[in-house]
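Asks: fold the following for me, if possible:
(one chain, ligands or ions: 1)
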Amino acid sequence: MTDIDARIALTGGRDFWNTHALPDADLPAMTMTDGPHGVRLQVASADHVGINESEPATCFPPAVGLASSWSPAMLAEVGAALAAECRALNVGVLLGPGMNIKRSPLCGRNFEYFAEDPLVAGELASALVNGIQSGGVGTSVKHFAANNQETDRMRRDSQVDERTLREIYLRGFAKVVRSAKPWTVMCSYNKLNGVQVSENHWLLTEVLRDEWGYDGVVVSDWGAVWNRVNALKAGLDLEMPANQGHEDAVRAALAAGEIDEATIEQAAGRVEAMVRKAMAGREGATDSFDVDAHHALARKMAEQCVVLLSNDGVLPLKPETKVAVVGEFARTPRYQGAGSSRVNPTRLDNALDAIQALVGHEVPFAPGFTTAPGQELAADAHDRAIAVAREADVVLAFLGLGESHESEGYDRETCDLPAEQLALLKELLSANPNVVVVLSNGSSVLLPFADKVRAIVEGWLLGQAGGSALADVLYGVVNPSGKITETIPRRLEDVPSFLTFPGDLTGVRYGEGLFVGYRGYDAARTEVEFPFGHGLSYTTFDYSGLAVTATDAGLDVSVTVTNTGTRAGREVVQAYVSLPSSRVERAPRELKAFADVTLEPGEAAVVQLPIPSEELAYWSVLDGAWIVEGGTYTVEVGASSRDLRLSAEVALTGNEPVRPVTLNSTLEEAFAVPGFAEAIGGMVSGIFGEDDPDLMRMMAAMPLAALVGFSGRPESEVQALLDALNAQNR
Ligand code: GLC
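Replies: Coordinates of the predicted model:
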């Protein structure tokens, strides 16, 4: 193989999961595989949708669960464990975390993503990347970018205005790239504003590399490259999986002068550097990992992810409480999503066994309904469920979405729980009003029964140890502290993206713009079932002493949190910022900092919530830059986006550029700039008589060019006046 052939080879996979080896360069092949919440290493037949088996590995909670912990520290711990398993299985890069914004609860892959908010997504993805890479294993933050649905995912054109793209869909990726330096970024399948992402030079080079300073490898999603020559020119480095035709096309393009060697070498060099980093990371690697310790970590993680949505005091249960367990999910847990992220778990706990172990005896159980296609259900299943419910003090109804209801590759048509489950729940409630619903689902479901049941525990998907974690929460062995990172709406029609998701063959227009998730529900003042950031505890927390100070670096925010209940607990404190006087469109409030704190009963602690300036900036399309507006900001701190306990105001000068006044400026804009009122006030009163406030209000939006026309003065004279005044203000 000639040298240039070797370099071209490096820009594509050797097979489904491996890069090319270059023996002459002492460069071995390197394995990249999924992720994100466990290692899916296939040694026999390979696929990218989780059909063929893979080696046993710890199945940690998928992103929907991990995110509900709001704990970067916990995610870093999981990352370190994932790295240990990658090293044991000789995997150089783990394909994750997935961090696309949850634009609609219908997206089939939401289980694999963190949040409807870019700060949560960015902070948690960064923690996971740092955790994994601290173990000498690379990551692949995905899917870059605006891949927020599964419908027609390999072709559909995501049409997103630049401000929305920057502030919502790219912001989390920018944070991870700058703070955690992922070894690879995975480019997505879709188009973005008319250009296939794998060939999108603006995204892959101008934004990712030139603006964000990224120097790692851009790897394609599997099968996302349509033309490797165009992709290499756009800034992609590695096409996966192997594609001999595309490799030959690069060779032909080079011979024809359609691509230069430098471009090929740039990509090949990055791939080689990545493989050598992985080689270094394997120093001292063993071929095993501590299965029990990782299972224990998966359980500890899952316990932090469980969200107590509602509770009238029925929880925590006492061991002597006479319970009945209804629902197949209690016996056959739904613990991860379907598709490329499907892990072959080393163990699998279920809630039914965990509950029976906890109370020390068998408890009545009825599956009640099927959770997967082809599952057998006894003819009397329904009656059996009602019968056990009738005899119990409390009924634990394990409901949720089966693997076929939501998956990579397709989106949901509805936000409802399956009809047979809702029907059964209705009958359970008739038989016994003391029902606690326990949910297993990868994305928000509608909860029309929320005010009819005594408590709702949202388990999301909790990984292989989730069953034990749920039992621990139900019986109070663990005090729940998770909080939702996606709004649970009252109606699907209330979702801000409802009208445009998932689009059609002409593309998907992100018509709600910035107003995705809680930003949209708050702007439209829409009632929701449970708001972004919500989650209860078995104790209570008081907030006091909010302090907000402007500094050169941004805002210093601190608040005292006190555990006012009778048991230890962890609180996720959230800080939201708004600018009521803003001159640009904004959501009513945006999350700008969060931190968790664990407190004993009666204990208080000061929680720091620093907000860096870049988090306060909006993307000014006018200036093509991030701008912090001057003005008086409101900082609200609380336990969720709609449980805001304290607020404070702080003035910021901001960094808005002094924009020159032009003939296109309005009268109002011109009068706001020093010196202009004196200079052109005469012209205005000459046209409209003495200053008349009402008249001025009517004229405020008039461009100066129109005024010049009315004034009869030559435009050149007015332009000279503007130039002089702009020079003074520069
Ligand atoms: C899949 C997924 C991606 C995964 C890759 C390899 O199609 O989109 O997340 O890492 O292919 O399985």
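Asks: use CA for all of it now, contacts and neighbours both
Replies: Fine.
Asks: A84: what secondary structure?
Replies: Three-state call for A84 (DSSP: H, G, I helix; E, B strand; the rest coil): helix.
Asks: low-confidence stretches in the stretch 601-730 of the chain?
Replies: 687-691 (pLDDT under 70).
Asks: 80 - rerun?
Replies: Residues of the stretch 601-730 of the chain meeting the criterion pLDDT under 80: 680-698.
Asks: residue of the chain closest to the ligand, please.
Replies: Proximity of the chain to the ligand (Cα to the nearest ligand atom) peaks at H48, 3.5 Å away.
Asks: am I right that I4 is in a strand?
Replies: No. According to three-state DSSP, I4 belongs to no strand; its state is helix.
Asks: got the confidence number for it?
Replies: The predicted structure scores I4 at 95 on the pLDDT scale.
Asks: got the residues of the stretch 1-150 of the chain near the ligand?
Replies: Of all the residues in the stretch 1-150 of the chain, those in contact range of the ligand (Cα under 6 Å from any ligand atom) are D34, H48, L95.
Asks: which among the residues you listed gets closest to G131?
Replies: Within the set of these, L95 lies nearest G131; the separation is 13.9 Å, counting by Cα to Cα.
Asks: quick revisit: out of the residues of the stretch 1-150 of the chain next to the ligand, which is most surrounded?
Replies: Highest neighbour count within these, by other Cα atoms under 10 Å: L95, with 27 neighbours.
Asks: for it, give me its contacts.
Replies: With contacts defined as Cα atoms under 8 Å, 6 or more residues apart in numbering, the neighbours of L95 are M32, T33, D34, G35, P36, T139, S140, V141, K142.
Asks: mind checking which of the residues you listed are buried?
Replies: Buried residues within the contacts of L95, defined by neighbour count using 16 or more other Cα atoms under 10 Å: M32, T33, D34, G35, P36, T139, S140, V141, K142.
Asks: which of these fall within strands?
Replies: The strands in this structure, assigned by DSSP state E, contain M32, T33, D34, T139, S140, V141, K142 from the buried ones among the contacts of L95.
Asks: what number of residues lie near V271?
Replies: V271 has 27 neighbours, counted by other Cα under 10 Å.
Asks: that's a strand at it, yeah?
Replies: No. According to three-state DSSP, V271 belongs to no strand; its state is helix.
Asks: that one and D215 touch, don't they?
Replies: No. In this structure V271 lies outside contact range of D215 using Cα atoms under 8 Å: 10.9 Å.
Asks: interface residues of the stretch 151-300 of the chain facing the ligand?
Replies: Residues of the stretch 151-300 of the chain found near the ligand (Cα under 6 Å from any ligand atom) are D221, W222.
Asks: residues touching stretch 545-563, excluding its own?
Replies: Under the contact criterion Cα under 8 Å, 6+ apart, stretch 545-563 has outside partners 539-544, 569, 599-614, 616, 635, 637, 646-652.
Asks: just these: which are in strands?
Replies: Where the contacts of stretch 545-563 overlap with strands, as defined by DSSP E, the overlap consists of 541-544, 569, 599, 604-608, 611-612, 635, 637, 646-652.
Asks: related to what we said a few turns ago, can you redo the contacts of L95 as JSON lines with pLDDT?
Replies: What follows is the contacts of L95, written out as JSON lines (pLDDT from 0 to 100):
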{"residue": "M32", "pLDDT": "98"}
{"residue": "T33", "pLDDT": "97"}
{"residue": "D34", "pLDDT": "97"}
{"residue": "G35", "pLDDT": "92"}
{"residue": "P36", "pLDDT": "97"}
{"residue": "T139", "pLDDT": "98"}
{"residue": "S140", "pLDDT": "98"}
{"residue": "V141", "pLDDT": "98"}
{"residue": "K142", "pLDDT": "98"}
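Asks: just put those in JSON lines and tack on distance to A44.
Replies: JSON lines is the format used below for the contacts of L95 (distance: Cα to Cα, whole Å):
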{"residue": "M32", "distance to A44": "15"}
{"residue": "T33", "distance to A44": "13"}
{"residue": "D34", "distance to A44": "15"}
{"residue": "G35", "distance to A44": "18"}
{"residue": "P36", "distance to A44": "20"}
{"residue": "T139", "distance to A44": "23"}
{"residue": "S140", "distance to A44": "23"}
{"residue": "V141", "distance to A44": "26"}
{"residue": "K142", "distance to A44": "25"}
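Asks: show me which of those is closest to T11.
Replies: The shortest approach to T11 among these belongs to M32, at 14.2 Å (Cα to Cα).
Asks: quick check: the closest one touching W17?
Replies: Yes. Taking Cα under 8 Å as the definition, M32 is a contact partner of W17 at 5.5 Å.
Asks: how deep is P433 tucked in, by neighbour count?
Replies: By other Cα under 10 Å, the residues close to P433 number 18.
Asks: if you could redo that for G327, that was the one I meant.
Replies: Residues within reach of G327, counting by other Cα under 10 Å, total 26.
Asks: contact partners for it?
Replies: By Cα under 8 Å, 6+ apart, the contact list for G327 reads F365, A366, P367, G368, F369, A397, F398, L399.
Asks: residues in contact with stretch 625-632?
Replies: Counting by Cα under 8 Å, 6+ apart, stretch 625-632 makes contact with 579-582, 613-614, 616-620, 649-656, all of which sit outside it.
Asks: name only those of those that count as buried.
Replies: Among the contacts of stretch 625-632, those classed as buried by 16+ other Cα under 10 Å are L579, S613, L616, A617, Y618, W619, S620, E649, L652.
Asks: now do the buried residues in the helix or strand of the chain with the lowest mean pLDDT.
Replies: For the chain, using mean pLDDT, DSSP states H and E, the weakest element among its helices and strands is helix 676-688, scoring a mean of 74. Along helix 676-688, these residues count as buried under the neighbour rule (16+ other Cα under 10 Å): F676, A677, I680, M683, V684.
Asks: which residues sit in contact with the nearest residue to N563 once chain neighbours are set aside?
Replies: If the residues on either side of it in the chain are set aside, N563 comes closest to F541, at 4.6 Å by Cα to Cα, 6 or more residues apart in numbering. Contacts for F541 were tallied using Cα under 8 Å, 6+ apart; they are V561, T562, N563, T564, G565, E571.
Asks: so of those residues, which ones are in strands?
Replies: The strands in this structure, assigned by DSSP E, contain V561, T562, N563, E571 from the contacts of F541.
Asks: what number of residues are in the vicinity of the second one?
Replies: Going back to what we said before, that points to T562. By other Cα under 10 Å, the residues close to T562 number 22.
Asks: quick check: closest non-adjacent residue to it.
Replies: Of all residues beyond its chain neighbours, the one nearest T562 is A604 (4.0 Å), with distances taken as Cα to Cα, 6+ apart.
Asks: related to what we said a few turns ago, just name the closest of the contacts of G327 to R384, please.
Replies: If you rank these by distance to R384 using Cα to Cα, A366 comes first, at 6.2 Å.
Asks: now do the contacts for that closest one.
Replies: Contacts for A366 (Cα under 8 Å, 6+ apart) come out as V325, V326, G327, E328, A381, R384, A385, V388.
Asks: before we move on, the earlier item: and of the buried residues of helix 676-688, the nearest to S54?
Replies: Distance ranking of these against S54, using Cα to Cα, places F676 first at 71.0 Å.
Asks: isn't that closest one up against A670?
Replies: Yes. Between F676 and A670 there is a contact at 6.0 Å, judged by Cα under 8 Å.
Asks: could you give the number of residues near G400?
Replies: Around G400 there are 28 other residues, counting by other Cα under 10 Å.
Asks: now the phi/psi pair for the nearest residue to it once chain neighbours are set aside, please.
Replies: Taking Cα to Cα, 6+ apart, and ignoring the residues beside it in sequence, G400 has S440 as its nearest neighbour in space, at 4.6 Å. Summarising the backbone geometry of S440 under the convention degrees, to the nearest 10, its torsions are phi -130, psi 110.
Asks: hmm, S440 is touching E403, no?
Replies: No. Taking contacts as Cα under 8 Å, S440 lies outside contact range of E403: 10.4 Å.
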